[in-house]
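Structure here, sequence nowhere to be found:
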């Protein structure tokens, strides 16, 4: 049975099972230390890069619109989450995935 | 964030530039003072978001859902919200059994009564109906200049299911509020007490075909397949997020979420058919799933404000230890019109691989797997949603929107061949649904 579909090959190498297999080669605490160091380095790089982005307070005219809020429109997003939670094997991502009802 | 329009109007005729800039900056930052008053005075600082949804599947489930959300912003970033959701479901749902060339008879989950399925049809249990009430309370409050904390409660109750959850989180603003790091934790406890009680894993469905001497003999056989206790599951969700304002027109978010679910994760209403070498069903076994599932999810969203429209793109990748991997791509384009109305086409594409224990049926004589489920939601499929939304603002400042969407799920065959008559039958259920949604914010 070929369980994996072709789209996975298009994704970057972040597949968790592959990471687990790679972790076995490094083994134990040294692997965890390496992962922590990588995460820390990524965080530093991202945060230092982000320091040069953004706007001044008086440049927020467009961003202040409710339509530009990432959780807009909240009622619709909540209704969609409930539909897809009951029909698919994936939930959350934008917010918490867990529990809620017996529909899945 | 509500801008104080009177203050902005005053600021258009300033006595000096400095005071105008100060007023505008305060308004844009949302620091304008909120009206003082009684917390329960609904004429002040309360905002209401309401909505109704009709969801209908072709020849299957129909659902109606209503949402009422009230938010009180006592001061900037200090707000309390309460949400009430009511929904009702009715209709038929696939019970997991495989289609056959002859008519089939199944026992209802309650054990009381039977239903027949025509030859060539995918077995649907038409007793699926439930009513649910959900309540949420959420409080967000500032801690110092750049931090926000939030706490929440969730309660959901339906006839045979109870869910209670607690959540808490914190967010930190950096770089003049252009970057926000957030972290949240949610713990949910669900209890399941299904109609007809929980069947034992892989117990064969008892079907009365005249082999029982009387009703007591049937009841005894049915009860022997059932546990006497209820069961529960616990869910722990961890969410880490980074929100970044890129420039005056662009905002971006990246989330990582970890979810651990343990306990009873099986669907007590689903069965797996056992077929012989000719593909003829010999019996139907109640499914069995692992009692733990760990999921990792990566989510990225960007909104870009063009001159007269807003592009909203999001991508989600999820992987779990059931070997399900999924990708979700969603795009909405919000066309702003001059008369305070908008049109928004929506597109969503979803694809998932199957759980490692998913199978459309089991074959007689082969070694029984540790777990098995024929629930099509754990199978391999893709889904597309196409939607169109129209919204407008009333003269009184309320927002209304109407949305119509079409959802189509298409299954992929996870087996290379099928025995006997199954090769010529359509054994994977397809799903087509329509959503009609109305929202009213005031």
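Alright, I've got the coordinates. Note that the structure is predicted; figures quoted are calculated from it, not measured.

residues contacting the closest residue to residue B:97 other than its chain neighbours?
Distances taken as CB to CB, 6 or more residues apart in numbering or on different chains place residue B:123 nearest to residue B:97, at 4.2 Å, with adjacent residues excluded. Just so you know, the C-beta spots here come from the backbone N, C-alpha and C atoms, and that holds for glycine as well. Residue B:123 sits next to B:94-99, B:104, B:106, B:117 when contact means CB atoms under 8 Å, 6 or more residues apart in numbering or on different chains.

can we see that at 7 Å?
By CB atoms under 7 Å, 6 or more residues apart in numbering or on different chains, the contact set of residue B:123 is B:94-95, B:97, B:104, B:106, B:117.

secondary structure class for residue A:67?
Taking DSSP: H, G, I helix; E, B strand; the rest coil as the rule, one finds residue A:67 in the helix state.

Residue B:93 versus that one, what's the distance?
Separation of residue A:67 from residue B:93 (CB to CB, to the nearest Å) stands at 36 Å.

do the same with residue B:424
Per CB to CB, residue B:424 is found 25 Å from residue B:93.

What does the pLDDT read for the residue nearest to residue B:97?
The model reports residue B:123 with a pLDDT of 95.

re earlier: which of the contacts of residue B:123 lies closest to residue A:74?
Distance to residue A:74, by CB to CB, is smallest for residue B:94 among these, at 31.8 Å.

burial count for the closest one?
20 (other CB atoms under 10 Å in any protein chain shown).

Ramachandran angles for the closest residue to it other than its chain neighbours?
Computed as CB to CB, 6+ apart, the closest residue to residue B:94 that is not its neighbour in sequence is residue B:429, at 4.8 Å. According to degrees, to the nearest 10, the main-chain angles of residue B:429 amount to phi -70, psi 140.

Give me the secondary structure label for whatever residue of chain A ends up closest to chain B.
At 2.7 Å from chain B, residue A:54 is the closest residue in chain A, using CB to the nearest CB. Classification of residue A:54 using three-state DSSP returns coil.

mind checking how far it is from residue B:102?
As judged by CB to CB, residue A:54 and residue B:102 stand 67 Å apart.

Quick check: buried residues in the helix or strand harbouring residue B:54?
Here residue B:54, judged by DSSP states H and E, is contained in strand B:46-57. Buried residues in strand B:46-57, counted by 16 or more other CB atoms under 10 Å in any protein chain shown: B:46, B:49-53, B:55-57.

and chain A, which of those contact it?
B:49, B:51, B:53, B:55 (CB under 7 Å from any CB of the partner chain).

Isn't the third one up against residue B:435?
If I follow you right, that is residue B:53. Yes - with contact defined as CB atoms under 7 Å, residue B:53 reaches residue B:435; the gap is 6.3 Å.

Name the nearest of the contacts of residue B:123 relative to chain A.
Nearest to chain A out of the contacts of residue B:123 is residue B:94 (CB to the nearest CB; 11.6 Å).

Is it correct that the closest one is in contact with residue B:376?
Yes - Residue B:94 is within contact range of residue B:376, at 6.0 Å (criterion: CB under 7 Å).

Could you pull out the residues contacting both of these two?
Counting by CB under 7 Å, 6+ apart, the contacts common to residue B:94 and residue B:376 are residue B:429.

give me the residue from the stretch 51-200 of chain B nearest chain A.
Residue nearest to chain A within the stretch 51-200 of chain B: residue B:178 (2.7 Å; CB to the nearest CB).

Quick one: name the residues of the stretch 151-300 of chain B near chain A.
Applying CB under 7 Å from any CB, we find that the stretch 151-300 of chain B lies next to chain A at B:156, B:158, B:160-161, B:163, B:165, B:167, B:175-176, B:178-179, B:184, B:186, B:188, B:190, B:192, B:235, B:237, B:239, B:243-249, B:251, B:253, B:255, B:257, B:259, B:261, B:295-297, B:299.
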